[in-house]
Each structure stands twice: as C-alpha cells, then as structure tokens.
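Trainee: Need a 3D model of the following:
(one chain, ligands or ions: 3)
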Amino acid sequence: MPLDLSLYLVTDRELCAEQGLVQTVVAAVRGGVTLVQLRDKHASDAELIDQARRLKAALAGTGVALIINDRLEVALASGADGLHIGQDDGDVAQARAALGPHAILGLSVQTREQLARLDPSALNYLGLGPVFATPSKRDHAEPLGFEGLAELAAASPLPGVAIGGLKAEHVLPTRQAGAQGLAVISAICGTPDPEAAARAFTRPPRH
Ligand SMILES: Cc1ncc(COP(=O)(O)OP(=O)(O)O)c(N)n1
Ligand SMILES: Cc1nc(C(=O)O)sc1CCOP(=O)(O)O
Ligand SMILES: [Mg+2]
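Mentor: Ligands and ions are numbered 1, 2, ... in the order given. Modelled structure (predicted):
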C-alpha cells in the first residue's frame, strides 16, 4: 500500500461516535483523506480488531492505508497496513520485526534528541508535534509552533507529518515548514460534515 501523508485522519472514539466510525472515515476519504489511523485508548483489543477489520473493508479499493495506533497485536491480528507508535509505546526494531518489511511503521517525535536517536531504516514516517496545544491529546508535549516544526522537519531523515491543533488554514504554513502532510483529529472528526471538512484541507480557500 503506498504511503501518502498529505491528509492523515486520526480517529477519536467520542468525536466519531455521533456519525459512526466507519461513516465518518468513509466521508472523510471522499473529501480527500489519504491515510487513516485508528486511535482509541479505551477499546479492548477485541473491539479494536473488529473496528479495524470493518474500516479495512470500507477502505478497500480506495488506495487509503489503515494504521493502528499503539497496539502491535491489533495491527497484526486485524490485517491493517501498519502501526503508529510513540516514544513510550515499545521498541521500534521489535515492532518492525513483528510487522515485517512491507507494513507501514510511524513514530512520534517531539525533539531533536529523539530524532538523533532513531533508526530510520526501521521506519516509514515520523509524526512531528504538537504544532499547537490541543485538547485532543491531554498528555501532549510542549507545542513546537511552525518554527519548531521547521527545525525538526529539516533535521528529519524521514518524511514527516505534522500534528496537533491543525486546521485547514494551516496547510500552507505546514508545508512551508517542510512537513509532507497534516494529521488531524478534531478538524474532521466530530464536525457536522466530515467530507466537507476534509475537502477544506485539500482545497484551501484562496486569499
Ligand atoms: C501521525 C501521528 N503523530 C503522532 C501521534 C502521537 O502518538 P503518541 O505520541 O504515541 O500519542 P498517542 O496518539 O498514542 O496518544 C499519532 N498518534 N499520530
Ligand atoms: C494524537 C495526537 N498526537 C499529537 C502529538 O503531538 O504527538 S497531538 C494529537 C492530537 C491531534 O488532534 P487535533 O487534530 O484535534 O489537535
Ligand atoms: Mg502512542
């Protein structure tokens, strides 16, 4: 499955609940989402595997890959296309060994020191953030701003996707900072029209 980081939707249990997880994701993909991450901190493994399988079926034929947040066992059992882990979510080399060479593996990075320590050969992309403070992740690190994002992106040995408080109006500055794309939760999930919300990122208004 090709990796397109342009518009990366990260799901949220509560925000997707109103319209349904699968319906929200399908609408967002119609609007231009290029990659999807299933993120649910409260679901059991069994529940998450079921959600992942339903999402994978819904994404069939779209060319959009499905990534699982945090849980290697769920990624392996569900037939998802990959895994996203943070600095405290386990060992990158072990995850790569378990997933095999073709799966997508992403890692969150917040600092230059973390960048210097990582092994790029085991990874496909980096999540760089947060750009802004966000209520979607209560334990997030110190916001980078676009200046901090640009410093990380310039030093990154891998394609980076920016995350944290990003809205459609941030497409241009995010790209100018050197990120290949934007990862978002609340600007798409939980909006009345996830398709239109995604489209706003792919066709930002002219100034
Ligand atoms: C694309 C992307 N980037 C960063 C994160 C954050 O991962 P992590 O630091 O492990 O935090 P949680 O998402 O697990 O709370 C991400 N999920 N996706
Ligand atoms: C899941 C996540 N990770 C972050 C990081 O900085 O690593 S910020 C974040 C939440 C992003 O949600 P929203 O688009 O609603 O701000
Ligand atoms: Mg994590």
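
Trainee: and the helix or strand of the chain with the lowest mean pLDDT, does that touch ligand 1?
Mentor: When the helices and strands of the chain are scored by mean pLDDT, DSSP states H and E, helix 13-17 comes last with a mean of 94. No. Helix 13-17 lies out of reach of ligand 1 by Cβ under 6 Å from any ligand atom, never closer than 12.3 Å. Glycine gets a C-beta too; all of them are placed from N, C-alpha and C.

Trainee: and the helix or strand where Ala162 lies, is it in reach of ligand 2?
Mentor: Here Ala162, judged by DSSP states H and E, is contained in strand 160-163. Yes. Contact of strand 160-163 with ligand 2 (Cβ under 6 Å from any ligand atom) involves Ile163.

Trainee: Starting from that strand, tell me the next helix or strand along the chain.
Mentor: helix 171-176.

Trainee: What distance do you get for the residue in the chain that ligand 3 sits nearest to to Glu47?
Mentor: Here the chain gets closest to ligand 3 at one residue, Gly86, 3.5 Å apart by Cβ to the ion. From Gly86 across to Glu47, the span is 21 Å (Cβ to Cβ, to the nearest Å).

Trainee: Compare neighbour counts for these two and give me the winner.
Mentor: Under the criterion of other Cβ atoms under 10 Å, the comparison of Gly86 against Glu47 puts Gly86 first, with 17 against 13.

Trainee: tell me the pLDDT at that one?
Mentor: Per-residue confidence (pLDDT) for Gly86: 98.

Trainee: tell me the secondary structure for the nearest residue to it once chain neighbours are set aside?
Mentor: Spatially, and ignoring its direct neighbours in sequence, Gly86 is nearest to Ser108 (4.2 Å; Cβ to Cβ, 6 or more residues apart in numbering). Recorded secondary structure, Ser108: strand (DSSP: H, G, I helix; E, B strand; the rest coil).

Trainee: check contacts around the closest residue to Leu59 other than its chain neighbours.
Mentor: Leaving aside its sequence neighbours, Leu59 sits nearest to Leu66 (Cβ to Cβ, 6+ apart; 5.8 Å). By Cβ atoms under 8 Å, 6 or more residues apart in numbering, the contact list for Leu66 reads 36-38, 52, 55-56, 59, 80-82.

Trainee: elements contacting the longest helix along the chain?
Mentor: Ordering each helix of the chain by length in residues (DSSP state H) puts helix 45-59 first. Packed against helix 45-59 by the contact rule (3 or more Cβ pairs under 8 Å, 6 or more residues apart in numbering; DSSP states H and E) you find helix 21-30, strand 35-38, strand 65-69, helix 72-78.

Trainee: Next, format those as CSV and append mean pLDDT.
Mentor: Formatted as CSV, those follow (pLDDT from 0 to 100):
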stretch, mean pLDDT
helix 21-30, 98
strand 35-38, 98
strand 65-69, 98
helix 72-78, 98
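
Trainee: Packed most tightly, which of these would that be?
Mentor: strand 35-38 (a mean of 26; mean count of other Cβ atoms under 10 Å).
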